[in-house]
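In: got a structure for you, letters missing:
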């Protein structure tokens, strides 16, 4: 498999993305810790101070879990969408598996997510959230989300090569997707019909709910629910890979 033979290139691209992202900044990689903390603080002030909504216990931990999961998804997806076009000179001159470019973006953002978990677990300790052995399921849940994001990223990176408006359209769609995902509210507070539809139509709602089950509630996610989410992610990956490999041979002409 080409990805295995070019694994060193993939590693170098991931390292490059991480270095470029924080090049010239004072805090460097610490921004991956500071950014979710700032977003958590803003949401906490808005929803618990300004709006006087204290229905959700330990709200900073609740919101931080959602913010971290969403940041991984949105940043990786937007970066991967432009990855082929942004590296047009490389794509048209050197042979390598083109899928490495969007995959490297997703993986570099996954590294950021893992680093930011330091902040999350610090907040969990600070607010005395009781964790259970189900926290050991975190790597599997993260893998499932990465698989989903890679699959969708491959499709969007392909479409963006032929339709350059894709990146602009996605900025609007990602904003809508943000508000339609239970990041700063509980999906249980929605009407049952809406909640069920969100679980079915919005994979990110399923991921964030599962993250909160093991990191906030200390419970065991429903195995059927988790299995269905993973199969959905796998389906996205397969479709994304097939679409990408079918059209990648035409990238040179379009670029």
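Out: Structure received. Because the structure is predicted, anything quoted here is derived from the model rather than measured.
In: residues in contact with the nearest residue to residue 155 once chain neighbours are set aside?
Out: Computed as Cβ to Cβ, 6 or more residues apart in numbering, the closest residue to residue 155 that is not its neighbour in sequence is residue 240, at 4.8 Å. C-beta here means a position set from N, CA and C on the backbone, and glycine is covered the same way. Contact analysis of residue 240 by Cβ atoms under 8 Å, 6 or more residues apart in numbering lists 150-155.
In: quick one: which of the residues you listed is most hemmed in?
Out: In terms of neighbours by other Cβ atoms under 10 Å, those top out with residue 153 at 29 neighbours.
In: got a list of what the residue nearest to residue 215 when sequence neighbours are not counted touches?
Out: Once flanking residues are discounted, residue 215 sits nearest to residue 65: 5.5 Å by Cβ to Cβ, 6+ apart. Counting by Cβ under 8 Å, 6+ apart, residue 65 makes contact with 120, 208, 211-212, 215-216.
In: Tell me the most packed of those residues, by neighbour count.
Out: residue 215 (25 neighbours).
In: Run through the residues that contact that residue.
Out: 61, 65, 120, 124, 129, 131, 135, 138.
In: circling back: from residue 137, how far out is the residue nearest to residue 215?
Out: 14 Å (Cβ to Cβ, to the nearest Å).
In: so where's this structure shaky on pLDDT?
Out: Within the chain, the ranges that satisfy pLDDT under 70 run 1-2, 22-32, 50-53.
In: how about the helices in it?
Out: 2-5, 7-22, 31-44, 59-81, 83-86, 88-93, 100-126, 138-162, 166-179, 192-201, 203-215, 223-247, 251-254 (DSSP state H).
In: Same list (those helices) but as a markdown table, adding distance to residue 185.
Out: Shown next, in a markdown table, are those (distance: least, Cβ to Cβ, whole Å):
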| stretch | distance to residue 185 |
| --- | --- |
| helix 2-5 | 39 |
| helix 7-22 | 30 |
| helix 31-44 | 10 |
| helix 59-81 | 9 |
| helix 83-86 | 32 |
| helix 88-93 | 41 |
| helix 100-126 | 19 |
| helix 138-162 | 20 |
| helix 166-179 | 10 |
| helix 192-201 | 11 |
| helix 203-215 | 11 |
| helix 223-247 | 19 |
| helix 251-254 | 41 |
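In: so what's the residue lying closest to residue 123 once chain neighbours are set aside up against?
Out: Distances taken as Cβ to Cβ, 6+ apart place residue 61 nearest to residue 123, at 5.2 Å, with adjacent residues excluded. With contact set as Cβ under 8 Å, 6+ apart, residue 61 has these partners: 120, 123-124, 127, 129, 215-216.
In: could you redo the last one with a cut-off of 10 Å?
Out: With contact set as Cβ atoms under 10 Å, 6 or more residues apart in numbering, residue 61 has these partners: 40, 120, 123-129, 212, 215-216.
In: Next: residue 206.
Out: Per Cβ under 10 Å, 6+ apart, neighbours of residue 206: 141, 144-145, 148, 181, 187, 198-200, 221, 225-226, 228-230, 232-233.
In: Is there a quick ChimeraX command that grabs whichever of these are buried?
Out: With 16 or more other Cβ atoms under 10 Å as the burial test, the buried ones among the contacts of residue 206 are selected in ChimeraX as follows:
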select :141,144,145,148,181,187,198,199,221,226,229,230,232,233
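In: anything in contact with each of residue 65 and residue 137?
Out: Residues touching both residue 65 and residue 137 (Cβ under 10 Å, 6+ apart) are 211, 213-215.
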